[in-house]
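Enquirer: Just to be clear, the model below is a prediction. Sequence and coordinates:
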Amino acid sequence: MKDRIEGPDILRGFAASLIIVLHLVFLTGVKYPGVVFCVSRHFNIGVPLFFAISGFAIAYNYGGDELFSKVNLKNFYIKRFFRIAPLFWFMMFVELAFMFVCKGKSSYPLREIFLSFFFVFPFVPSCESSAVWAGWSIGVEVVFYLLFPIIILFLKNKKSAILSFFIFLVASIIIGYIRKDAKGAVEPALYRNISYHLVYFITGIIIYYFLPDINRLKKRLGESFKYCLATWFNFYNYSDSNLLYVFKKYYSKSNSSFNSLDYYYFIVYNRFSGYY
């Protein structure tokens, strides 16, 4: 049994807080000060962060050939099931009960409730959102759990993980750029699909492979390691998104000095930060 790392749990709480604030600001209809909207629009990074943490945590706990024994594989899926199913079913019951009390009926068709209860909704087009509000991310997690033994077979080391990362990053950028709705956003069906988010899970697996190197760097830098990490996160999360915002607002409708390479620079960095 490997030693428990507290960092991922702390990051999960941080990611959950970002997502809660994001939904409160943009879905409640409350008029917040402009600075709140400006800052909270970056909080969509919480979902990719969740996926990256899942990739790291699963690789850390179950990476290696020992996963593929009959007993370990069975225990892996049992633990994954009970980690998700009870709370998901509880939230589905609460939401449906609330609908019947307030509206006298469910807003979800019986077919979608059935698919959600048995966790097959991620595989059915037009039902990826599930019968739990914002439950699409749980569907993505479920698919990742199902595919993890196959994924880890191919991502056996740093080189294969990094190569896969760039392959899926480029593929998701191309598909996302082609498949957009009338507003220019990625189609919901694609955004809720594992193929669009697999790059984040792979990021977590890459961090797992580099964990010994990170620990050595942490010991060498000491307390300054935390400040370096915090500085990078702030620059990465805010500066790139702000640059893309400026680009889209002031240059996309004019013949500026920006060329296609500049534009794709923005796309790559903001795709990874969850902006696209």
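Expert: Received it, and whenever you're ready, just let me know what you need. Residues are numbered from 1 along each chain as shown.
Enquirer: Skipping adjacent residues, who's closest to residue 127 in space?
Expert: Of all residues not flanking residue 127 in the chain, residue 121 sits nearest, at 4.7 Å (CB to CB, 6 or more residues apart in numbering). For every residue, glycine as well, the C-beta is placed using N, CA and C.
Enquirer: next one: residue 204
Expert: In this structure, residue 204 finds its nearest non-sequential neighbour in residue 55, 2.6 Å apart by CB to CB, 6+ apart.
Enquirer: Return the residues in contact with the residue lying closest to residue 209 once chain neighbours are set aside.
Expert: Nearest non-adjacent residue to residue 209, counting by CB to CB, 6+ apart: residue 158, 4.7 Å away. Residues in contact with residue 158 (CB atoms under 8 Å, 6 or more residues apart in numbering) are 206, 209, 210.
Enquirer: In PyMOL, how would I select the buried members of those?
Expert: Per 16 or more other CB atoms under 10 Å, the buried members of the contacts of residue 158 correspond to this PyMOL selection:
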select buried, resi 206+209
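Enquirer: and of the contacts of residue 158, the nearest to residue 98?
Expert: Lowest distance from residue 98 to those (CB to CB) belongs to residue 206, with 40.8 Å.
Enquirer: one step back: I'd like to know which of the contacts of residue 158 are part of helices.
Expert: Secondary structure assignment by DSSP state H places 206, 209 of these in helices.
Enquirer: The residue nearest to residue 204 against residue 197, yeah?
Expert: No. Applying CB atoms under 8 Å, one finds residue 55 not in contact with residue 197, separated by 10.0 Å.
Enquirer: how many neighbours does residue 80 have?
Expert: 18 (other CB atoms under 10 Å).
Enquirer: which ones are touching it?
Expert: Shown in contact with residue 80 (CB under 8 Å, 6+ apart): residue 145.
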